[in-house]
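Novice: Below are the sequence and a predicted model; questions follow.
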Amino acid sequence: MEVVTDSTDIYQDQPSKQLEYLMRRFGKQVVKLAYYHLRDRHLAEDIAQEVFCRVYQNLDTFRHDSSYYTWIYRITVNLCRDYIRSAYSRRVFTLDNAKHLESGEDPIDRLLERIEGGEVFQKVMDLPIKYRMVTVLYYFEEMSTVEISRILDIGESTVRTRLCRARKMLKDVLSGEAGIIG
């Protein structure tokens with residue numbers, strides 16, 4: 001008797017069941033990753049929806065070179081990057097930032113900050129995106145440098161360098177706020 005190691009193998013001929021399983025398994029993680037990238041809960045949910053649309057459209061072409069986890073995270077990162085590059089996002093980001101200045105902070109964002117570590121989490125979210133993403137994936141998602149390099153499509157040494165620089169930036173920012181010199 002053959003042992004099935006991946007539940008999606010059970011649904012090989014049933015794409016809708018496969019998608020349902022993948023959404024249950026990775027849905028929350030995809031929303032979190034998109035939130036870390038975009039800093040907007042509603043946009044993160046929209047991106048997650050698009051991620052799973054793409055997954056469904058491409059299930060039959062998935063090559064199994066990597067895990068579903070890595071494949072789905074890669075789709076998420078690419079869609080977030082595409083969104084940030086788009087002209088539409090520049091207009092929305094500007095409008096959203098103005099709204100937040102007028103009405104105060106979004107309560108969902110405050111809740112996420114508290115959950116994810118408060119002040120330090122906010123400092124991580126303030127890092128430039130290339131440092132923020134490796135930091136989030138390494139510390140909050142507990143991924144290895146190998147997994148991060150596959151997801152972000154960069155070299156493993158680049159991941160380590162960015163982590164080192166991000167740590168230095170965070171140390172400088174947090175030390176400066178505490179009034180520590182040196």
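Specialist: Done, it's in. Numbers count the residues shown, from 1 in each chain.

Novice: Would you mark the buried spots in stretch 35-51?
Specialist: 35-41, 43-44, 46-48, 50-51 (16 or more other C-beta atoms under 10 Å). Quick note: C-beta positions are derived from backbone N, CA and C, even for glycine.

Novice: same question but for stretch 163-173, I mixed them up
Specialist: By neighbour count on 16+ other C-beta under 10 Å, the buried set for stretch 163-173 is 163, 165-166, 169-170.

Novice: of all those residues, which comes closest to Arg63?
Specialist: Lowest distance from Arg63 to the buried residues of stretch 163-173 (C-beta to C-beta) belongs to Leu163, with 28.8 Å.

Novice: That closest one and Gly27: what is the separation?
Specialist: Leu163 is 27 Å from Gly27, where distance means C-beta to C-beta, to the nearest Å.

Novice: Just list the residues touching the residue nearest the centre of the chain, thanks.
Specialist: Closest to where the C-alpha atoms of the chain average out (C-alpha atoms, centre = their mean) is Leu33, at 2.0 Å. Leu33 is in contact with 73, 76-77, 80, 136-137, 141, counting by C-beta atoms under 8 Å, 6 or more residues apart in numbering.

Novice: can you do 6 Å?
Specialist: By C-beta atoms under 6 Å, 6 or more residues apart in numbering, the contact set of Leu33 is Thr76.

Novice: what's the neighbour count on Lys32?
Specialist: 18 (other C-beta atoms under 10 Å).

Novice: Would you mark the buried spots in the host helix or strand of it?
Specialist: Using DSSP states H and E, Lys32 falls within helix 15-38. Under the neighbour-count criterion of 16+ other C-beta under 10 Å, helix 15-38 has 18-19, 21-23, 26-27, 30-38 buried.

Novice: Next secondary structure after it?
Specialist: helix 41-58.

Novice: and that following helix with helix 15-38, angle?
Specialist: 140 degrees (axes from the mean of the first three to the mean of the last three C-alpha atoms, to 10 degrees).

Novice: what inclination does the next helix or strand along the chain from helix 41-58 have with respect to helix 15-38?
Specialist: Using DSSP H and E, the helix or strand that follows helix 41-58 in sequence is helix 68-85. Here helix 68-85 runs at an angle of 50 degrees relative to helix 15-38 (the same axes, to 10 degrees).

Novice: burial count for Ser157?
Specialist: Look at Ser157: counted by other C-beta under 10 Å, it has 10 neighbours.

Novice: Show me the contact partners of the helix or strand containing Asp172.
Specialist: If you go by DSSP H and E, Asp172 is part of helix 156-178. Here helix 156-178 makes contact (C-beta under 6 Å, 6+ apart) with 123, 127, 131, 134-135, 138, 145-146, 148-149.
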